[in-house]
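Peer 1: Model the structure of this input:
(chains A and B)
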Amino acid sequence: MTDSAGVLVLAETEGGVLSPTAAELLTAGRSLAEGLGLPISLGVAGSDAGTATQEAASLGVQQVYAAEDGILSDDKPELLLEAWAQICRQTNPDVVLIARTMAGRDLAPRLAVRLGVGLAQDCLEVRVDADSGRMVAHRPVYGGNAMAAVVCNGTPQMACVRPKAYEPMEADESQQAEVVPVSLSLDESMAKVKLVERVAEESEGVRLESAKIVVAGGRGLGSSEPFKDLEVIAGLLGAGIGASRAAVDAGWVPPSWQIGLTGKTITPDLYITVAISGASQHMAGCSGSKVIVAVNKDAEANIFKEARYGVVGDWEKALPSFTETLRELLG
Amino acid sequence: MSLKIIVLAKQVIDPEMPRSAFQVDRENRRVMTPPTLPPVVNGFDENAVEAALRIKDSQAAEITVISMGQSFALDVMKKPLSMGADSLVLLQDDAFVNTVDSFGVARALTAAVRKLGSFDLIIAGRQASDWDNAQAPLAVAEMLNLPSVTIGRKVEVGDGRVTVERQMPEGTEIVEAPMPALVTVSNELGQPRYPTLRGIMAATRKQPTVWSLEDLGLDAGELAPQVETVDLYVPVTETDCEFIIGEDDADAGRLLALKLREAKLV
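Peer 2: Take a look at the predicted model:
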């Protein structure tokens, strides 16, 4: 294989099926491919890549590079890393896109070093600069206080793109990409990190990342107790419940509730914040919300700069009537 | 035998500074801060120092902190020493300008780790609060061919292995790796300890080892950026907030619910 794979999306799989982030990367990848006049392709690796390959074939790519090896497993990221490196070496891509998932953000920097190139990490947008014909990646820095536009000098140019930054590419069953098998050379000794145990946290309620409505509380709530009131509101609205880092660090709620730069990224239609000041750390995880509502006693709080509706006041007084009115409206 | 732990720590602009003090010098693609605002040790790197100290609390260990930069506020960078770390190595050179990317930084850190000789464990913060790349530690691991585990909330060492409890989106995960290994840690690890008076006194007497580019056996070409920042700007947010005003706060809460209904949001 000496032809270039053009823009190559390296897709993750979850239990044998394509991760939803793959279709998002393809939306980003297609505009790059058009701008650069290159083909677009997708690489997928797994112990059984059949299902994922089929899914990928109808997502508007020219080629699907399918790498299968029985020793690949979700528990062994180092094998996936080496599989991705081998796919890249065999397909000579000009651009490589990876999703900044838990796995992707760990694998991408190591892959870049392994291929001898740089990486634009945690990108919200990737574009083509018409003058230079290079990819320009826009990424939040300084906790979201600033944005940097960065260019990768080597080949392939690599970017790790934040999930939900792009709408997913729609599948079109009438399209069928060429499936090109890639042979891998992997062995167990490459997997040094071993999974000992996974403990799922008890979670009733709605998943934050996919919730249409999210309710969250911050430092200003003062203790874990008021989160019970937020849970009532979340229950009425069928909403997910979250918190700012301050509330998590204070131990009021579990770490899995954290929304922000180092927590979860949410993109709901409605995001109701109570006693959250809206530090850039937090906004980095919720700026994709369609409508933000803020209840905060500080009129100068940053959250009001990004909120559509705001109440400047004491949450202890505003919440009970808010909840009661919601109950009447929805009852 | 005493365990050898290396902690990677970065000096950064204080992320808790007032937003009004944050200014971008777009022409030079850098962030300007008032001269009165002292830098800090990156918060997650303080968690890394704490993780190393917790290991040292239960077994013989020697902790070396490495930091890289063009210049340092020595009193700030001595904080890990006053917390209880044993020694500090500063990689300081005029060539370490802010255009050096994560991969150049990793090359210099890797050279310093090699120069120090043998080690068992490298611990770093999950990311730095300035560029938020979360890639220099991983690049170091790749350059040294070490297993890496990220976002640890608990790090334990025994029988030549490191066991890490990781914070995952839907729970926790426990993984282990043979040492030498590299681990990054997150704020879920818990509050870093405060320096004791005795620690502060001891740190005052300790002098850092300072290594230049030449000491590391590198030339400036090896630090040439693979990722270049071509623009740095403050994103524009253009939401006009509609403030809901009632007779009192309770009334405002009621009106807010009605407003959300009117806007068909609930």
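Peer 1: mind listing the helices for the chain?
Peer 2: Here I'm looking at chain A. Assigned by DSSP state H, the helices in chain A fall at A:21-36, A:50-57, A:77-91, A:102-115, A:226-237, A:245-249, A:280-283, A:303-306, A:315-330.
Peer 1: try again with chain B
Peer 2: Going by DSSP H, chain B shows helices at B:43-58, B:74-77, B:79-83, B:102-116, B:136-143, B:197-205, B:249-262.
Peer 1: and these as TSV, adding mean pLDDT?
Peer 2: Output for the helices of chain B, formatted as TSV (pLDDT from 0 to 100):
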stretch	mean pLDDT
helix B:43-58	97
helix B:74-77	96
helix B:79-83	98
helix B:102-116	97
helix B:136-143	98
helix B:197-205	96
helix B:249-262	96
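Peer 1: could you dump these to TSV with distance to chain A?
Peer 2: Every residue, glycine included, has its C-beta placed from N, CA and C. Below are the helices of chain B laid out as TSV (distance: least, CB to the nearest CB, whole Å):
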stretch	distance to chain A
helix B:43-58	8
helix B:74-77	18
helix B:79-83	19
helix B:102-116	6
helix B:136-143	4
helix B:197-205	23
helix B:249-262	3
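Peer 1: Of these, flag the one that's most buried.
Peer 2: Greatest average neighbour count among those goes to helix B:136-143 (a mean of 26), per mean count of other CB atoms under 10 Å in any protein chain shown.
Peer 1: Leaving out the residues flanking it, which one is nearest to the closest residue to chain B within the stretch 1-150 of chain A?
Peer 2: Proximity of the stretch 1-150 of chain A to chain B (CB to the nearest CB) peaks at A:G118, 3.0 Å away. Spatially, and ignoring its direct neighbours in sequence, A:G118 is nearest to B:Q226 (3.0 Å; CB to CB, 6 or more residues apart in numbering or on different chains).
Peer 1: mind listing what that neighbour touches?
Peer 2: Applying CB atoms under 8 Å, 6 or more residues apart in numbering or on different chains, one finds that B:Q226 lies in contact with A:A112, A:V117, A:G118, A:C152, A:N153, A:G154, B:D101, B:F103, B:G104.
Peer 1: Redo these as TSV? Include distance to B:S82.
Peer 2: TSV is the format used below for those (distance: CB to CB, whole Å):
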residue	distance to B:S82
A:A112	36
A:V117	40
A:G118	36
A:C152	40
A:N153	40
A:G154	41
B:D101	31
B:F103	32
B:G104	30
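Peer 1: among the residues you listed, which ones are buried?
Peer 2: A:A112, A:V117, A:G118, A:C152, B:D101, B:F103, B:G104 (16 or more other CB atoms under 10 Å in any protein chain shown).
Peer 1: and the residue of the stretch 1-150 of chain A closest to chain B, what does it touch?
Peer 2: With CB under 8 Å, 6+ apart, A:G118 has these contacts: A:A112, A:C152, A:N153, A:G154, A:M158, B:D101, B:S102, B:F103, B:P225, B:Q226, B:V227.
Peer 1: Give me the subset of those that lies in strands.
Peer 2: Counted as lying in strands by DSSP state E, out of those, are A:C152, A:M158, B:V227.
Peer 1: wait, doesn't B:R26 sit right on B:L232?
Peer 2: Yes. With contact defined as CB atoms under 8 Å, B:R26 and B:L232 form a contacting pair (6.0 Å).
Peer 1: Between these two, which has more neighbouring residues?
Peer 2: Each of B:R26 and B:L232 has its neighbours counted (other CB atoms under 10 Å in any protein chain shown); B:L232 has more, 20 against 12.
Peer 1: Local confidence estimate at that one?
Peer 2: B:L232 is assigned a pLDDT of 96 by the prediction.
Peer 1: Could you pull out the buried residues of stretch A:161-181?
Peer 2: Applying 16+ other CB under 10 Å to stretch A:161-181 flags A:V161, A:R162, A:P163, A:K164, A:A165, A:Y166, A:M169, A:A177, A:V179, A:V180 as buried.
Peer 1: actually stretch B:168-184, sorry about that
Peer 2: For stretch B:168-184, by 16+ other CB under 10 Å, it's B:168, B:171-177, B:179-184.
Peer 1: Distance to A:R100 and pLDDT for those residues - can I get that in a markdown table?
Peer 2: Below are those laid out as a markdown table (distance: CB to CB, whole Å; pLDDT from 0 to 100):
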| residue | distance to A:R100 | pLDDT |
| --- | --- | --- |
| B:M168 | 15 | 87 |
| B:G171 | 20 | 85 |
| B:T172 | 21 | 90 |
| B:E173 | 18 | 95 |
| B:I174 | 23 | 97 |
| B:V175 | 20 | 98 |
| B:E176 | 25 | 97 |
| B:A177 | 23 | 98 |
| B:M179 | 28 | 98 |
| B:P180 | 27 | 98 |
| B:A181 | 23 | 98 |
| B:L182 | 20 | 98 |
| B:V183 | 20 | 98 |
| B:T184 | 15 | 98 |
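Peer 1: Select from those every entry located in strands.
Peer 2: B:M168, B:G171, B:T172, B:E173, B:I174, B:V175, B:E176, B:A177, B:A181, B:L182, B:V183, B:T184.
Peer 1: Nearest residue to A:V17 in space, please, no chain neighbours.
Peer 2: Counting by CB to CB, 6+ apart, the residue nearest A:V17 is A:T51, at 5.5 Å.
Peer 1: Same check on A:Y271?
Peer 2: Spatial nearest neighbour of A:Y271, chain neighbours left out: A:S289 (3.8 Å); criterion: CB to CB, 6+ apart.
Peer 1: Confidence-wise, which helix or strand of chain A is lowest on average?
Peer 2: helix A:280-283 (a mean of 87; mean pLDDT, DSSP states H and E).
Peer 1: And the contacts of it?
Peer 2: For helix A:280-283, using CB under 8 Å, 6+ apart, the contacting residues are A:142-145, A:218, A:244-245, A:259-262, A:276, A:302-303, A:306, B:15, B:19.
Peer 1: how about that helix as CSV, C-alpha atoms only?
Peer 2: Output in CSV follows, covering the C-alpha atoms of helix A:280-283 (Å, rounded to 0.1, in the frame of the first residue of the first chain):
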residue,chain,number,x,y,z
SER,A,280,-13.6,29.0,32.6
GLN,A,281,-12.6,25.6,34.0
HIS,A,282,-16.3,24.9,34.3
MET,A,283,-17.5,26.6,31.1
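Peer 1: In chain B, which residue sits nearest chain A?
Peer 2: B:Q226 (3.0 Å).
Peer 1: From A:R139, how far out is that residue?
Peer 2: 15 Å (CB to CB, to the nearest Å).
Peer 1: cool, and A:Q86?
Peer 2: 28 Å.
Peer 1: repeat for A:L329
Peer 2: 41 Å.
Peer 1: When those two are compared, which one has more neighbours?
Peer 2: Between A:L329 and A:R139, counted using other CB under 10 Å, the more crowded position is A:R139 (25 against 13).
Peer 1: in stretch A:225-239, what's buried?
Peer 2: Using 16+ other CB under 10 Å as the test for burial, stretch A:225-239 gives A:P226, A:F227, A:D229, A:L230, A:E231, A:V232, A:I233, A:A234, A:L236, A:L237, A:A239.
Peer 1: Next: stretch A:102-122.
Peer 2: For stretch A:102-122, by 16+ other CB under 10 Å, it's A:102-115, A:117-122.
Peer 1: hmm, back to that, the residue nearest to A:V17 - how many residues pack around it?
Peer 2: 15.
Peer 1: measure A:R207 to A:E201 for me?
Peer 2: Distance from A:R207 to A:E201, by CB to CB: 12 Å.
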